[in-house]
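# Please find the sequence and the predicted model below.
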Protein chains: 2
Amino acid sequence: MLRVNGDRLLARLRELARIGATPDGGVQRLAFSADDVAARQIVAARMMEAGLHVRADAVGNTIGSSGQPGPSIVLGSHTDTVPNGGRFDGALGVVAAIECAQALGETGFATALNIVNFQAEECGVRGSRAWTGALREEEITEAHDAIRAVGGAPDRLDTARRLPGELRAYLELHIEQGPRLEDAGVQIGVVSGILGMRRLTVLLTGEAAHAGATPMARRRDALLAAAQLTVAVNETVRNPAGESVATVGRMTVEPNASNVIAGRVELSIDVRALDSAALAALVEELHACAGRIALETGVGIECSDLGGVPPVAADAAVMAAIEQAAAGLGLSHQRLISHAVHDASLVGQLAPMGMVFVPSVGGLSHTPHELTHDADCLNGANVLLNAARLLRAE
Amino acid sequence: MLRVNGDRLLARLRELARIGATPDGGVQRLAFSADDVAARQIVAARMMEAGLHVRADAVGNTIGSSGQPGPSIVLGSHTDTVPNGGRFDGALGVVAAIECAQALGETGFATALNIVNFQAEECGVRGSRAWTGALREEEITEAHDAIRAVGGAPDRLDTARRLPGELRAYLELHIEQGPRLEDAGVQIGVVSGILGMRRLTVLLTGEAAHAGATPMARRRDALLAAAQLTVAVNETVRNPAGESVATVGRMTVEPNASNVIAGRVELSIDVRALDSAALAALVEELHACAGRIALETGVGIECSDLGGVPPVAADAAVMAAIEQAAAGLGLSHQRLISHAVHDASLVGQLAPMGMVFVPSVGGLSHTPHELTHDADCLNGANVLLNAARLLRAE
């Protein structure tokens, strides 16, 4: 089994954590911000240091290539963060991927390899969605300057699209962002699939009226209809029980006064499921619930589908390579599902995909308290390295 | 049958409508504002013009007295308005009451009569609640200057309290604020009772968490619990069907993001019923629902009772006097329930109470478009005048 240069990997992780560092030990590099651009420039320099040829595609994804011909193994993740985020989400995967390329180069193991730092993962996986052709031009209207600052060509977005045959496989190392590996005392998670996600915005239009003078039977109460829909969303996804989840997390009420029946409510529905058919069936069932509640309450209910990210299953051969690498390194491992969306959700539409998860202390993520121990970072990078080599050697 | 001086009444109503007039024909005289104080001073002057002795009680209610001894007939309403309100809500009742006193004085009919312009009806019936002793000192902390400006003594609030024996009867003329009289083509509404009201604020504390990564069974979703409670509030009050109403009109969600399970929700419940037992039973049932939902969802639910206004039934003899006056004037009339709270809700706890309603065009109120035709204003004032005389003559 090969090993990455651990000291160098951890030093590069620390280097990246200083860009956009927050006083409480976290990091904030919002996509397209000055700190995000600065981090991408550092990553490009480290790719060059690893002997890679660096370019940017149209959306500004930074791609380091080994220069070998043929369908490539792609390793990637992202360096943007959520507001007030942590040091490991995304950054670990990018730094480890560079380290893998450098280690493979140093051992003289020539292979078609691409390392990718994807754009704007935390605000709609925009970089990887540009690869599948799902990114719309209006989604980057505000970001043209930041995209140009990292070498992108935002007015030629269509050129960022990748065709399935170009990629041999995609591998991404990521922190788990949940407590399952830590709870089980397992070192490596082998992702078997990533839930797909659909987002709806629902506008409910009733009639604002006096809370005293309006008899119950004559009301068109937008908040009551919204409450019925929220309960229905929950019941729909719990029956039958499974991996699917659905959430109403946002609700705004007008006029929002204790003595006035609500005339207008807007709410969000976030639905996730492990396969496309289940996701489509859930969304269809929610539309049916909305229609039924609109009829019963006299409240107008209008659902807008904001799109989402399709579910994806990991590739059997890629999972086997990850498991073989972990076993060879003497690391315990288990399969698990990713409930959070990743760049792998999109690249997995184009190529055989696999993800390596490492434990998050306390399951925490998207917070300055996010922590993955050094040993786990290195374990993950070593699994990534050897899995990449195994896939190439097949 | 006696008649009020119609021209004078309408001129005084127009005079009052100029104070705090809004460009779209409405009025805004928020309780304790400069315009509210100015309107109260005009009213005091008109009371003097009607031959009354004018004083203010501790909370700043303006009281014009005929000076006759013994338990008095009290006629009153209020001159404050809601934000962007209309010209008739409250003002009609005050102007008509003064007109009644002046008409009775001019006809030489000596009687113990008090005309009252109550303080701050539109923000918690505070003036009339001072009469029943239900107003707490902290509710007028911000209003001391405005109360002093109209002759009140806010640091001696307890002296505003009235004892039941001091009042022979209370009569209030008010616009209906609903469409029932207009729909029925009836000129005079004889109020048979006023719904009581209780307000609760409910705080739901769950756990904010990732909308993807948190399985349905492990959630403590504050917005789902809030939705279940909103549905339960509606079911509780509809079963059995009756005059009772309940409304969740206000709901605020934290963090209110589409991909985060809500950790905290605050909502309001407004419950109204025609008798105290029904109101208490409804509130008790809502507490039981909250307890059940808290157990089922693991969400903490804390209900704070903000108090309210008790229900009140109109007095049979007062209703009979109103009906006799209407019949004597050749006016059509019908009994109806007031779903909105009035000063009569409070004064009715102290004395036999009756209210006279006149039609609101289109049922509109609390808007600049609020309108009651001149003829209906005069009809109402004439009924008030003759009912007062009939009650005194008994």
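The structure has been received and is ready for your questions.

# residues from the stretch 51-200 of chain A in reach of chain B?
Residues of the stretch 51-200 of chain A found near chain B (C-beta under 8 Å from any C-beta of the partner chain) are A:177-178, A:195, A:197, A:199. No exception for glycine: its C-beta is placed from N, CA and C like everyone else's.

# which pair in the residues you listed spans the largest distance?
Using C-beta to C-beta, these reach their maximum pairwise distance at A:Gly178 and A:Arg199, which is 20.9 Å.

# before we move on, back to that, using CSV, please lay out the residues of the stretch 51-200 of chain A next to chain B together with neighbour count, pLDDT and secondary structure.
Output for those, formatted as CSV (neighbours: other C-beta atoms under 10 Å in any protein chain shown; pLDDT from 0 to 100; DSSP: H, G, I helix; E, B strand; the rest coil):
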residue, neighbour count, pLDDT, secondary structure
A:Gln177, 23, 91, coil
A:Gly178, 23, 87, coil
A:Leu195, 26, 94, coil
A:Met197, 24, 95, strand
A:Arg199, 19, 94, strand
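
# low pLDDT regions in the stretch 101-250 of chain A?
Scanning the stretch 101-250 of chain A for pLDDT under 70 picks out A:240-241.

# nope, the stretch 251-394 of chain A is what I meant
A:393-394.

# contacts for the lengthiest helix in chain A?
The longest helix of chain A (DSSP state H) is helix A:276-297. Residues external to helix A:276-297 that are found in contact with it (C-beta atoms under 8 Å, 6 or more residues apart in numbering or on different chains): A:196-198, A:200, A:202, A:206, A:220-221, A:224-225, A:228-229, A:232-233, A:236-237, A:242, A:244, A:246, A:269, A:271-273, A:299-301, A:303, A:305, A:308, A:310-311.

# rerun at 6 Å
A:196, A:198, A:225, A:228-229, A:232, A:236, A:271, A:273, A:301, A:303, A:311 (C-beta atoms under 6 Å, 6 or more residues apart in numbering or on different chains).

# immediately after it, which helix or strand?
The element immediately downstream of helix A:276-297 (helix or strand, assigned by DSSP states H and E) is strand A:300-309.

# And that next one, how far out from the chain middle?
Strand A:300-309 sits 20 Å away from the centroid of its parent chain (C-alpha atoms, centre = their mean, to the nearest Å).

# Over to stretch A:236-243?
Worked out by C-alpha atoms, centre = their mean, stretch A:236-243 lies 23 Å from the chain centre.

# among the contacts of helix A:276-297, which are in helices?
A:225, A:228-229, A:232, A:236.

# ok, which of these also contact chain B?
For chain B, the contacts drawn from the ones in helices among the contacts of helix A:276-297 by C-beta under 6 Å from any C-beta of the partner chain are A:Gln228.

# so can I have JSON lines of the ones in helices among the contacts of helix A:276-297 showing neighbour count?
Output for those, formatted as JSON lines (neighbours: other C-beta atoms under 10 Å in any protein chain shown):
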{"residue": "A:Ala225", "neighbour count": "26"}
{"residue": "A:Gln228", "neighbour count": "24"}
{"residue": "A:Leu229", "neighbour count": "27"}
{"residue": "A:Ala232", "neighbour count": "21"}
{"residue": "A:Thr236", "neighbour count": "18"}
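
# Just flag the most distant two among the ones in helices among the contacts of helix A:276-297.
A:Ala225 and A:Thr236 (15.9 Å).

# picking up where we left off before, quick one: distance of the longest helix of chain A to the chain centre.
Counting by C-alpha atoms, centre = their mean, helix A:276-297 comes out at 26 Å from the chain centroid.

# again with stretch A:7-18
22 Å.

# Which one of the contacts of helix A:276-297 is nearest to B:Pro71?
Out of these, the member with the shortest distance to B:Pro71 (by C-beta to C-beta) is A:Ala225, at 51.2 Å.

# List the residues that contact the closest residue to the closest one other than its chain neighbours.
Spatially, and ignoring its direct neighbours in sequence, A:Ala225 is nearest to A:Val299 (3.9 Å; C-beta to C-beta, 6 or more residues apart in numbering or on different chains). Applying C-beta under 6 Å, 6+ apart to A:Val299 gives the contacts A:204, A:206, A:220, A:222, A:225.

# what phi and what psi does the backbone show at A:Val299?
Dihedral angles of A:Val299 (phi, psi; degrees, to the nearest 10) stand at phi -90, psi 130.

# Let me know the outermost residue of chain A.
For chain A, the C-alpha farthest from the mean C-alpha position belongs to A:Ala213; by C-alpha atoms, centre = their mean, that distance is 49.5 Å.

# give me every residue that touches that residue.
Neighbouring residues of A:Ala213 by C-beta under 6 Å, 6+ apart: B:178, B:339-340.

# In a helix, it, correct?
No: secondary structure of A:Ala213 (DSSP: H, G, I helix; E, B strand; the rest coil): coil, not part of a helix.

# Could you report the separation of it from A:Glu323?
Using C-beta to C-beta, to the nearest Å, A:Ala213 is found at 68 Å from A:Glu323.

# Same question for A:Leu16.
29 Å.

# go on, A:Asn382?
Applying C-beta to C-beta to A:Asn382 and A:Glu323 gives a distance of 14 Å.

# Likewise for A:Gly108?
Distance of A:Gly108 to A:Glu323, computed by C-beta to C-beta: 26 Å.

# Could you report the neighbour count for the closest residue to A:Arg199 other than its chain neighbours?
Spatially, and ignoring its direct neighbours in sequence, A:Arg199 is nearest to A:Leu306 (4.2 Å; C-beta to C-beta, 6+ apart). Neighbour count for A:Leu306, taken as other C-beta atoms under 10 Å in any protein chain shown: 13.

# just A:Gln187 next, same as before
Under the criterion other C-beta under 10 Å, the count of neighbours that A:Gln187 has is 21.

# Is it correct that it is in contact with A:Cys377?
No: counting by C-beta atoms under 6 Å, A:Gln187 sits too far from A:Cys377 to count as a contact (11.4 Å).

# helix/strand/coil for A:Phe266?
Slight slip there: residue A:266 is Glu, not Phe. On the basis of three-state DSSP, A:Glu266 is classed as strand.

# Does it touch A:Thr252 like I think?
Yes: using C-beta under 6 Å, A:Glu266 is in contact with A:Thr252, at 5.2 Å.

# Please identify the residues of the stretch 201-350 of chain A in proximity to chain B?
Within the stretch 201-350 of chain A, the positions lying close to chain B (C-beta under 6 Å from any C-beta) are A:211-213, A:216, A:223-224, A:227-228, A:230-231, A:234, A:238, A:245, A:247-251, A:253, A:256-262, A:268, A:270, A:272, A:339-340.
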